[in-house]
Each structure stands twice: as C-alpha cells, then as structure tokens.
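1. Coordinates for the following, if possible.
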Amino acid sequence: IPPPLSEYRTSSGAAAIGEYILIAGGSRENGTDSGTVDVYNASLVQTQAAVLSVARSALQGLTVGDFALFTGGISNTDLTTVDAYNSALVRSTPTAMSTARAAHSTAVIGGQGVIVGGRSSEVVIDVYSPSLVRTSPCNIKIAKGFGAAASNENLMLYGGGVSFGGVNTDNVEVLEFVSE
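-> Numbering: from 1, shown residues only. Okay, the predicted model is just below:
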C-alpha cells in the first residue's frame, strides 16, 4: 500500500516519467490551490519534486517523450501554464499554451502531446513535441470543455463535453497523426 499524498487535495493532475508517477497540484481542503508534486517510484516510495511554477487545480497531466507535462488549470483564472518534469524530476517551463485552459483534455498521438478543449470559447489545439516545441496546427469544430480524449498510435477521439454555450454535446472530433 503506498503512503498517502503529502496533503489532502482534489482536482490534481497525474503523469508518469521513467520509474516515477507524479501527482501534481489540486485544491486543498481549505479551498486554496496546491503546487505540491508528490512522486512515487516503482517500489511505492514517496518523495516530492519541485513545486509547480503556479499552484493550481483542474490541471491535466500527460507524458510526452522524456517529460511529464502538467497543463493549464485554475488559479483564480484559467491558465496557459505548462510545467515539464524530466526523469531526474527537474522542472522546466516550456512555451505556454496558446490559450488558457481548464476542464480540458489531453492525449498522446504519434508521440506528441495534444491539448484540446477547455472552458473558454477557444477551438485551438496545442501540440507539444517530445522536445517540448509547441505548435497549434489545427482547430476543433466546437468549443467545449469537460470532454473525453483518448488515442492510439495514430488516431485521437475527443468526444462529449459541454459547449461554450453551456449545452451538453454528443459531438466527436477525430484527429489523425500524419508523420512528415
């Protein structure tokens, strides 16, 4: 049984890198945002990595190349912030997302991290390469948040959610990775 998180919190993000699983940020019991990053190794020994660059909740985690990324979230307002941790648990801050995001979704397709959706009216998709270069190659058709994203090697689906107008949607978007 692993030890508990270092503090009570909800709405955290999680990602894995190397032998580590990281659980980052979240909302504490008193309603303040956390920047804590709890780390568990393969033996379930718990340590902590450097805190997030901005304490926040409702962030998303994903693994891209040799990095665990923590994207967006809320800290009084939706954020464009991205924190990256390498396998030595050193934190860096790559180029921010093109738009502030919370209630967004993430997936990895073709080895690249895709960040889509959120609570805003934005339709821009952000993509991070394994070297953490951000591009925004295309848009989704309907601005929505709280959707679900999943991918296989070359295909990503982003479905459901709540449109910017506050209406639940059954829309499914398809993103396909084309290697150059």
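2. Spatially, which residue comes closest to the residue sitting nearest the centre point of the chain, not counting chain neighbours?
-> Centrality entry for the chain: nearest residue to the mean C-alpha point is residue 60, 2.6 Å, by C-alpha atoms, centre = their mean. Spatial nearest neighbour of residue 60, excluding adjacent residues (C-beta to C-beta, 6 or more residues apart in numbering): residue 106 at 4.6 Å. Quick note: C-beta positions are derived from backbone N, CA and C, even for glycine.
3. That neighbour bridge partners, please.
-> residue 115 (DSSP bridges).
4. Just the pLDDT for it.
-> As predicted, residue 106 sits at a pLDDT of 96.
5. these two touch, right, it and residue 64?
-> No: assessed by C-beta atoms under 8 Å, residue 106 is found out of contact with residue 64, at 9.3 Å.
6. Looking at these two, which is more packed in?
-> Between residue 106 and residue 64, counting by other C-beta atoms under 10 Å, residue 106 is the more crowded of the two (27 against 23).
7. The more buried one and residue 127: what is the separation?
-> Residue 106 sits 11 Å away from residue 127, going by C-beta to C-beta, to the nearest Å.
8. can you list residues touching both of these two?
-> Common neighbours of residue 106 and residue 127 (criterion: C-beta atoms under 8 Å, 6 or more residues apart in numbering): 113, 114, 115.
9. Would you format those residues as JSON lines with distance to residue 10, pLDDT and neighbour count included?
-> Formatted as JSON lines, the shared contacts of residue 106 and residue 127 follow (distance: C-beta to C-beta, whole Å; pLDDT from 0 to 100; neighbours: other C-beta atoms under 10 Å):
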{"residue": "113", "distance to residue 10": "24", "pLDDT": "96", "neighbour count": "26"}
{"residue": "114", "distance to residue 10": "25", "pLDDT": "95", "neighbour count": "23"}
{"residue": "115", "distance to residue 10": "21", "pLDDT": "96", "neighbour count": "27"}
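10. okay, those residues in CSV with distance to residue 174 next?
-> Below are the shared contacts of residue 106 and residue 127 laid out as CSV (distance: C-beta to C-beta, whole Å):
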residue, distance to residue 174
113, 18
114, 12
115, 16
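11. who's in contact with the nearest residue to residue 2 once chain neighbours are set aside?
-> Here the nearest residue to residue 2 in space, its sequence neighbours aside, is residue 44; by C-beta to C-beta, 6+ apart that works out to 4.2 Å. The neighbourhood of residue 44, defined by C-beta under 8 Å, 6+ apart, consists of 1, 2, 3.
12. Good, we can wrap up now.
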